[in-house]
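Trainee: quick one: sequence and predicted model below, then my questions.
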Amino acid sequence: MLCVSVCVRGEWFRVPSGGPSVSIQKLGHEALCRYFRAKKLEHGDRHVEFSMHRCQGGELLHPEDRVEDVLEDNDFVQLVVAGGGGVDSSAPIKLTEHDSYKVPKEYIFLDGNSLTTAELVSLGQGLFHIKLTPEAEEKVASSREVIDAIVRDKKVVYGINTGFGMFAHTLIAEDQLVQLQENVVYSSCAGVGDPLSVTRTRMLLALRINVLAKGYSGTSLETLEAMIKAFNASCLSWVPEKGTVGASGDLAPLAHLALGLMGEGRMWSPQSGWADAKTVLEGHGLKPLQLKPKEGLALINGTQLITSLGAEAVERALSVAKQADVIAALTLEALRGTTKAFHQVIHAARPHPGQIQVAQRLRSLLDSEVFPSQISESHRSCSRVQDAYTLRCIPQVHGVVNDTIGFVQKVISTEMNSATDNPLVFVEFRETISGGNFHGEYPAKALDYLAIGVQELASISERRIERLVNPTHSELPAFLVKEGGLNCGFMVAHCTAAALVSENKTLCHPSSVDSLSTSAATEDHVSMGGWAARKALTVVEHVEQVLAIELLAACQALEFLHPLKTTAPLEKVHELLRSVISPWDRDRVMSSDIKAAHTLIKQQKVWKTVQPFMEEYRRKMKCDWE
């Protein structure tokens, strides 16, 4: 009698076939019954429609086929409920967001030298599989030969046949070298807190593979290829987000990443959900890693948590900074500001690249001979000479944010393509050399700087929101709503923006100025880069949310200026927002509107909407800028 493992809604069940004539459909019903009993649910509708797929290969199994004809003993099968149908009224089986996961058809080739922040984010999103370049394969194999020679010749080398940290002078017997590598992974699995998201774990694994592909770490090609197979199957370890001080690398999170690949702890895949790591790997036809000398240390020693989270923070910061210019232009129009402060000669006199770039964008979006604005024309003869700083100084404030992000992106990109473990293997010398490339100070400092820089977008945005909702400054209805008093309009939405800006002030305190001695004073200076990366991401998200509120407020303000229209590109942004959020004619729940506007920003739809217009402006005005 065959026995098969069946996955139902992320839970694995060992199900005996029940005899030679049992069909796939009966096997599925038995698995569902076991799921019901395990969850203490009523059996409900026994006619739930489902399909069955082999985990290895993904073949669809015909319900009338006999189990023994199409499956092997100890095979792994996934049961998928058709359309997310329920098993009873109280406990529906629903499809998760990952049930629609599409297997990528394209590859990114990793060589350890050329991975970009954008590529790493796309790998995290599951848009590509990965392969090694032939050159990387050759470097990895040559590096491993050095380690094998050291073991064979019984040379004493740190991390290969010695203890770690304070135990560096303790020699390890030859028959314990594999156990040494396993132990360093086990003991370093000391992380706490919520697990990284699926996307961030993918990024972490992809980046670790990229760094090992440089050929300085001494891992075997067999081990690296096993990691690539796990990535391509989206078999992802449970990695808690807290526990690294960012000095001897990100030991705790990388150890948890390695643990799952070793078939221990928990692991996730789109087919299995969260389950026992060994079960998930075997369900995809993969074998747990069998560590060789030095490989445990090589897998956990590096700055990849800091750097992978940093890459996401950089890419989101780049996105929100561009869209901040568009949203600020909307506000300037709604407040009937002047475009004079964005004249090219002003910014040529102070030629910071970011400042010039922002002024160029504003000129392409606001009133011009290419895109005239009825709103701008309506107040052309007014007596106002100049605007408040939050309008007049947009290029100066937004500009330095752009320059900051550019600087940080260079640091993170370099770190992504650097050998950051210890000791490093140098094939040309046929030896290993101990150093300090694992220290996270570079990405930690850069990400502290990123948080400080990008926060300014929220700071100035909140002040623009205040001008929009304050009738003294805007000459618009108070809080941008009719029948004020009965309706509060954007009153508390502005409070939310103020709260987020205030939180950012605390989060922008740099973590990398702190250091606590660890590992019995062996690691006596640390970067605290893990916290720098996590809070940078939080700051960026707060910035996105504040700008979402400004987008809502600016578009609401434009409603009161009708029938006058703004420029063509800004009208399209207004239409974009109105495609998901209606104007405020009376009070309603605001949080859902903020979330919808935030989603537009995260998906870069505000920027994508204006891009064609900016290109048209550049062509017609014969501008030479990006």
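Mentor: Now that the structure is in, tell me what you want to look at.

Trainee: tell me the mean pLDDT over the helix or strand that contains Arg316?
Mentor: Here Arg316 sits within helix 304-334, counting by DSSP states H and E. The average of the pLDDT scores along helix 304-334 is 98.

Trainee: now Ile405: closest residue in space that isn't a chain neighbour?
Mentor: Spatial nearest neighbour of Ile405, excluding adjacent residues (Cβ to Cβ, 6 or more residues apart in numbering): Ala317 at 4.9 Å. To be clear about C-beta, it is placed using only N, CA and C from the backbone, and glycine gets the same treatment.

Trainee: from what I can see the one you found touches Val540, true?
Mentor: Yes - counting by Cβ atoms under 8 Å, Val540 is a contact partner of Ala317 at 5.3 Å.

Trainee: got any residues that touch both of the two?
Mentor: Leu450, Val454 (Cβ atoms under 8 Å, 6 or more residues apart in numbering).

Trainee: low pLDDT regions in the protein?
Mentor: 41-47, 57-58, 82-101, 383, 625-626 (pLDDT under 70).

Trainee: now do the contacts for Leu286.
Mentor: Ala226, Lys229, Ala230, Ala233, Cys235.

Trainee: I misspoke; the intended subject was Phe560.
Mentor: Leu476, Pro477, Leu480.

Trainee: closest to Asp250 out of those?
Mentor: In terms of Cβ to Cβ, no member of those lies closer to Asp250 than Leu480, at 45.7 Å.

Trainee: quick one: the closest one and Glu550 touch, right?
Mentor: No - counting by Cβ under 8 Å, Glu550 is not a contact partner of Leu480; they are 11.6 Å apart.

Trainee: identify the contacts common to these two.
Mentor: Leu468.

Trainee: distance to Asn74 added to the contacts of Leu286, as CSV?
Mentor: Output for those, formatted as CSV (distance: Cβ to Cβ, whole Å):
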residue, distance to Asn74
Ala226, 20
Lys229, 20
Ala230, 20
Ala233, 18
Cys235, 18
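
Trainee: of those, buried ones?
Mentor: Ala226, Lys229, Ala230, Ala233, Cys235 (16 or more other Cβ atoms under 10 Å).

Trainee: so what's Ala419 closest to, chain neighbours aside?
Mentor: Nearest one to Ala419, counting by Cβ to Cβ, 6+ apart, is Tyr216 at 3.8 Å.

Trainee: count the neighbours of the one you found for me.
Mentor: Other residues lying near Tyr216 total 26 when counted by other Cβ atoms under 10 Å.

Trainee: in a helix, it, correct?
Mentor: No - under the criterion used here (DSSP: H, G, I helix; E, B strand; the rest coil), Tyr216 is coil, not part of a helix.

Trainee: just checking, it touches Asn417?
Mentor: No - with contact defined as Cβ under 8 Å, Tyr216 does not count as touching Asn417 (11.6 Å).

Trainee: number of nearby residues for Asp75?
Mentor: Around Asp75 there are 18 residues (other Cβ under 10 Å).

Trainee: reformat the contacts of Leu286 as a markdown table; add secondary structure.
Mentor: As requested, these are exported to a markdown table (three-state DSSP):
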| residue | secondary structure |
| --- | --- |
| Ala226 | helix |
| Lys229 | helix |
| Ala230 | helix |
| Ala233 | coil |
| Cys235 | coil |
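
Trainee: helix or strand next in line after the helix holding Arg316, which one?
Mentor: helix 344-348.

Trainee: hey, what's the closest residue in space to His169 that isn't next to it in sequence bridged with?
Mentor: Distance criterion Cβ to Cβ, 6+ apart; nearest residue to His169, sequence neighbours excluded, is Thr162 at 6.9 Å. With DSSP bridges as the criterion, Thr162 is bridged to Leu171.

Trainee: hang on, the earlier thing: of Leu480 and Glu550, give the one with the bigger neighbour count.
Mentor: Applying other Cβ under 10 Å to Leu480 and Glu550 shows that Leu480 carries more neighbours, namely 30 against 27.

Trainee: mind listing what's buried along the helix or strand hosting Glu571?
Mentor: Using DSSP H and E, Glu571 maps to helix 568-578. Of all the residues in helix 568-578, those buried under the rule 16+ other Cβ under 10 Å are Ala568, Pro569, Leu570, Glu571, Val573, His574, Leu576, Leu577.

Trainee: quick revisit: mind listing what the residue nearest to Ile405 touches?
Mentor: Val401, Ile405, Val408, Leu450, Val454, Val540, Val543.

Trainee: which non-adjacent residue is nearest the fourth one?
Mentor: Distances taken as Cβ to Cβ, 6+ apart place Val408 nearest to Leu450, at 4.4 Å, with adjacent residues excluded.

Trainee: distance check, the closest residue to Gln374 other than its chain neighbours against Phe407.
Mentor: Distance criterion Cβ to Cβ, 6+ apart; nearest residue to Gln374, sequence neighbours excluded, is Leu564 at 4.4 Å. Leu564 is 41 Å from Phe407, where distance means Cβ to Cβ, to the nearest Å.

Trainee: which parts of this structure are strands?
Mentor: Using DSSP state E, the strands of the chain run over residues 3-8, 11-16, 50-54, 60-61, 76-81, 107-110, 129-132, 192-195, 236-237, 240-242, 266-269, 273-276, 424-426, 431-433.

Trainee: so what does the closest residue to Thr133 other than its chain neighbours have for phi and psi?
Mentor: Closest residue in space to Thr133, ignoring its immediate chain neighbours: Asp111 at 4.4 Å, by Cβ to Cβ, 6+ apart. When read as degrees, to the nearest 10, the backbone of Asp111 gives phi -130, psi 0.

Trainee: what about Asp111, how many residues nearby?
Mentor: Neighbour tally, Asp111, other Cβ under 10 Å: 18.

Trainee: go on, Leu60?
Mentor: Count around Leu60 with other Cβ under 10 Å applied: 11.

Trainee: contacting residues around the residue nearest to it when sequence neighbours are not counted?
Mentor: Among residues not flanking Leu60 along the chain, His53 sits closest, at 5.7 Å (Cβ to Cβ, 6+ apart). If you count contacts by Cβ under 8 Å, 6+ apart, His53 has them with Glu59, Leu60, Leu61, Val77, Gln78, Val80, Gln271.

Trainee: what's the answer for Val408, then?
Mentor: Contacts of Val408 (Cβ under 8 Å, 6+ apart): Gly310, Val314, Ala317, Ala446, Leu447, Tyr449, Leu450, Gly453.

Trainee: please redo it, this time with the cut-off set to 7 Å
Mentor: Val314, Ala446, Leu447, Tyr449, Leu450 (Cβ atoms under 7 Å, 6 or more residues apart in numbering).

Trainee: equivalent analysis for Asp325, please.
Mentor: Contacts of Asp325 by Cβ under 7 Å, 6+ apart are Val358, Arg361, Leu362, His398.

Trainee: nearest to Ala255 among those residues?
Mentor: The nearest one, if we look at the contacts of Asp325 relative to Ala255 and count by Cβ to Cβ, is His398, at 40.8 Å.

Trainee: give me every residue that touches the closest one.
Mentor: Ala321, Ala324, Asp325, Ala328, Val358, Leu457.
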